[in-house]
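# Give me a 3D structure for the following:
(chains A and B)
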Amino acid sequence: MKKSLLILLVLMSVNLFAEIPEKGKKIFPFPYQKYSLENGFKVILIPFDSPGLVSYYTVVRTGSRDEWEPGKSGFAHFFEHIMFRGTEKHPGNVYDSIVTSIGADANAYTSDDLTVYHLNFASEDLEKVMDIESDRFQNLKFTKEQFQTESGAVYGEYRKGRTNPWEVGIEALRDMAFEKHTYKHTTIGFERDIKDMPNQYDYSINFYNRYYRPSNCVLVVVGDFIPEEVKNRVKKYYGDWKGSYTPPKIDIEPAQTAPRMKEISYPGKTLPMIIMGYKCDAFSTSNKDYLSTFHLNDLAFGETSELYKKLVLNEQKVQSLFTNPGPSRDAYLFEIYVEVKDAKDIQYVIEEVRKTLENFAIEPVSVEKLNKLKMRNKYGFLMGLDSPNAVAGILPQFITMTGDIDAVDEFYLGLDAITPDDILHSTKKYFQSRSENIIILKGERE
Amino acid sequence: MKTIFLTILIGAFTMITAQSLDESRIVKVFSQFDPSISIRIVFNAGAQYDPVGKEGLSYLTAQMISDGASKVNTRSEILEKLFPLAASFSMNTSREVSVFCGRVHKDNFKPYYELFIQQILSPAFNEDDFKRIKQNTLNYLTTTLKYSSDEELGKAALYNFIYAGTPYSNPIQGTEAGIKSISIEDVKAFYAKYYNRSNFVLGIGGGYEKELISVLWNDLEKLSDGNLAAAPKISAKEITGRELVIVDKGAAATAISIGFPINIVRGQKDWYALAIANSWLGEHRNSSSHLYQVIREIRGLNYGDYSYIEHYPNGGSLNKPPVNVPRRQHIFEIWIRPVPNETAHFALRAALRELKLLIDNGLTQEQFAATRDFLKKYILHYAPTTNMRLGYALDDKFYGLNESHLARYRKALETLTLSDVNSAIKGYLQYDKLKIAVITGNGESLLKQICEEQESPISYSSAKNQEVLNEDKFISIFPLGIKIDNAKILTLDKLF
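I've put the predicted structure just below:
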């Protein structure tokens, strides 16, 4: 039996969706079932032609955004670590040995708005996985010693990241751009808070009880399984999960009224870096201004943009140019990252970025180019769905924004409907001098 | 409708020529359900072919092909044409090979293929692209590698230490002096010599029409005449004991890499036995790694600790082994992610002590069985897509395997015994002759501590059980046996 399973897995051929949907048609190619248990726990089941393989994602709709108490940044990420310390029924070493015994590919990640725990494994091990996963979400138990040891690993992760100048720059950008909102800190947290983590054992239990609640979590299962069987098991393993969830009250960021700029130094050698952030809106599938920024992202800053051609290819003053349009649960920034080859060009490059944005606020983009971009987005999205893990992997960020998988289709339908006038209006609205934030980072060594 | 169109298109292509195919140099991974087509062309044109004094030439040439203009289109035009296709192509240079890779949806294959093949057959090699790519490469070597990632720097320093004076020594991107000395004429000459019709293996995967193979092959026949490249001899200097290089760069944390060459490659029975032992000791980015348990999980000293018997570039960003980075010789490697400077000596001792314990004692039956069972399923995650399976199939060709590596791996896991694994450990691993590369911030003091075998006690912010504290006593005095003559401190300017 086992042998045949292995052969099946080896010969597996993933049956992918080949057709590109016409305008106005939904893009997500796989049928799915979604429902909630009485305790508010949401479940999304997506059968996928991947013989013998399953992808299992648990999305906690809490990330570093929810760390609103002063001195407590970094706890959402810290829980990503602590969740591997086990329960009474499955202590950490038992949990590890079960995951190892089934050869699961298991990991987790945290961002501003979510924490995701994911495993890929053989279908025959699905019940075992449901047993250990449901247990740690309901009955996590860790000692003060384990907690303190893990805080050392988290500090190690922070140290690892600090050698990267981009991380140093982003940390400074957020700290400057936000006064009230928790987006002020990065996901890993302020260093002072990470250093203090060993003293926060009691708080950590409070954090778990507050956010690891059924109605704040969503389960996504993609792959080779029988939905009815999984439904019964979900009820068995997650049905008794108790506890109500109250969303935290996150401070609203006051409107920015003047541009902000700061120069910082990096303790090493690096090309000068410019990180610009313009205040934008929260994720929405209906806000045309917001949706337009995703098109602006490619049209103004992508490899075919005039700015890229000028600064990277022709003048060669810039080594790299990239952007981050989101998404985020609350209003965040549209971020522009530029690595400049010579510090004397910093001001020039900033002006070129501003001029580009001014242009997009006046000149409508060509309909032909916009249509090409829409086609590119669809092909790009569908080409990425080539394994159960890839399908499950694109969902958490949508699910965390709205709590619902329908956000995928709504988002792409929204993008499809954007017109050149929408982009013009959006650029004019967001990219104003008063909502601009700029960090200039220079290396201390020549 | 679409299929008919593609058939007509391919028919038109095939009428042009009818060269005979050399099936021994074609690798196919067909999948009727895959709506995409993947192409990988493996050229024997990796960094080991860099002429002395022009280190980085293979990398620059490859980048000029993938990121420069063709004789038909400027770089801007290429990007513009690729844009609606949601596709791109890239060159991945490693030690032995440079691989030109692309993947596109079937619907977009025709316009994509035109661009793809022009890059490889008719690169423009213009000065503007050269200036840009050369400068970017230089910036990578002098700033990104040396200052932004101590982990990658530690690994690069280890390879440099082990393979000093051989074509395996430098980073794939070359050296600062080498890159500076390269001209566009050098690039053209390297292309003419190594990108010839005898020096590649063609790989194609996904939902392609079978006629496409002839189209591709016949187009690649248009490359210039030439020979299969003769790979240079790799003979690392004999390691005489435990040798240490410390790169002192004022870092706030210490990254450690340890290794020595092993004369075994995938395909050999012992490789799979050794793979089981290695997985137990240090499975990449996995909490099942014993080193991870000892250094991170129990003691919280860092973010992770792993070991390898095959080259694993970009380990910080990959969770599964990369494809198409094959080598004739690999090293056994231990990777200790950054630890606080004050615990560097302790962490180094802990890692080497675990290696010694593994070699002295081997695995227990329980450890062997658990690791074997883990791998039986875990390796199924190595190649989940057609594109990855194509990568593995091309590597099989490099290693001369008729039966695929992953199939052998699975079979070996069914038949290998504890005794096979423990004799492979004895046969290929050792702790007397190895090299250690350390990136740190307090080089002089660390060197003194290590060479004087000073005790390296450790304290924790949390209580630890007695078992751990007892073990710490052994670790803190574990003899490293590094003589001062076998240890040196380098500054960054002396590297690459």
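
# how about the residues of the stretch 51-200 of chain B near chain A?
Counting by Cβ under 8 Å from any Cβ of the partner chain, the stretch 51-200 of chain B comes close to chain A at B:75-76, B:79-80, B:83-87, B:103, B:105-108, B:128, B:131-132, B:135-136, B:139, B:142-144, B:146-151. Where you see a C-beta, it was placed from the backbone N, CA and C, and this is true even at glycine.

# Which of the residues you listed fall in strands?
When DSSP state E defines the strands, the subset of those inside them is B:103, B:105.

# Can you turn the buried part of the residues of the stretch 51-200 of chain B next to chain A into a ChimeraX selection?
Applied in ChimeraX, the following selects the buried portion of those according to 16 or more other Cβ atoms under 10 Å in any protein chain shown:
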select /B:75,76,79,80,83,84,85,86,87,103,105,106,107,108,132,136,139,142,143,144,146,147,148,149,150,151
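
# now, which of the residues of the stretch 51-200 of chain B next to chain A lie within helices?
Using DSSP state H to define helices, the subset of those located there is B:75, B:76, B:79, B:80, B:128, B:131, B:132, B:135, B:136, B:139, B:150, B:151.

# which pair in these spans the largest distance?
Within these, B:80 and B:150 form the most distant pair, 39.0 Å apart (Cβ to Cβ).

# you'd agree residue A:415 is up against residue A:296?
No - under the criterion of Cβ atoms under 8 Å, residue A:415 makes no contact with residue A:296, lying 11.6 Å away.

# quick one, which of those two is more surrounded?
residue A:296 (28 against 19; other Cβ atoms under 10 Å in any protein chain shown).

# Tell me the pLDDT of the more buried one.
Looking at residue A:296, its pLDDT is 98.

# which secondary structure elements does the helix or strand it falls within contact?
With elements taken from DSSP states H and E, the one containing residue A:296 is helix A:288-301. If you count contacts as 3 or more Cβ pairs under 8 Å, 6 or more residues apart in numbering or on different chains; DSSP states H and E, helix A:288-301 packs onto helix A:306-308, strand A:318-324, strand A:333-340, helix A:346-360, helix A:367-383, helix A:406-417, helix A:420-430.

# how much does that helix deviate in direction from helix A:367-383?
100 degrees (axes from the mean of the first three to the mean of the last three Cα atoms, to 10 degrees).

# chain center to helix A:288-301, what's the gap?
18 Å (Cα atoms, centre = their mean, to the nearest Å).

# what's the answer for stretch A:75-89, then?
How far stretch A:75-89 lies from its chain's middle: 19 Å, per Cα atoms, centre = their mean.

# And that stretch, what's buried?
Buried residues in stretch A:75-89 (16+ other Cβ under 10 Å): A:75-87.

# Now tell me what touches the helix holding residue A:296 from outside.
Identification of contacts with helix A:288-301 by Cβ atoms under 8 Å, 6 or more residues apart in numbering or on different chains yields A:280-285, A:304-305, A:307-308, A:321-323, A:325-326, A:334, A:336, A:356-357, A:360, A:365, A:369-370, A:373, A:376, A:411, A:414-415, A:417-418, A:422-423, A:425-427, A:429-430.

# Now the buried members of the residues you listed.
Counted by 16+ other Cβ under 10 Å, the contacts of helix A:288-301 give A:280-281, A:283-285, A:304-305, A:307-308, A:321, A:323, A:325-326, A:334, A:336, A:356-357, A:360, A:365, A:369-370, A:373, A:376, A:411, A:414-415, A:418, A:422-423, A:425-427, A:429-430 as buried.

# Which members of these additionally contact chain B?
A:304, A:373, A:376.

# Quick one: residues contacting the last one.
This points to residue A:376. By Cβ under 8 Å, 6+ apart, the neighbours of residue A:376 are A:298, B:83, B:84, B:85, B:86.

# Would you mind giving the secondary structure of the closest residue in space to residue B:171 that isn't next to it in sequence?
Closest residue to residue B:171 apart from its sequence neighbours, by Cβ to Cβ, 6 or more residues apart in numbering or on different chains: residue B:156 at 5.0 Å. Look at residue B:156: counting by DSSP: H, G, I helix; E, B strand; the rest coil, its state is helix.

# ok, residue B:156 to residue B:437 distance?
According to Cβ to Cβ, to the nearest Å, residue B:156 and residue B:437 sit 8 Å apart.

# again with residue B:400
With Cβ to Cβ as the criterion, residue B:400 and residue B:437 are 31 Å apart.

# Neighbour count for the two, which is higher?
residue B:437 (26 against 8).

# any idea how far residue B:223 lies from chain A?
Separation of residue B:223 from chain A (Cβ to the nearest Cβ, to the nearest Å): 27 Å.

# Report the separation between the residue nearest to that residue when sequence neighbours are not counted and residue B:231.
Excluding the flanking residues, the one nearest residue B:223 by Cβ to Cβ, 6+ apart is residue B:197, at 4.2 Å. Distance of residue B:197 to residue B:231, given as Cβ to Cβ: 19 Å.

# can you list the residues of the stretch 201-350 of chain A near chain B?
A:267-271, A:302-304, A:309, A:312-314, A:316, A:319, A:341.

# Show me those that map onto strands.
The strands, defined by DSSP E, take in residue A:319 from these.
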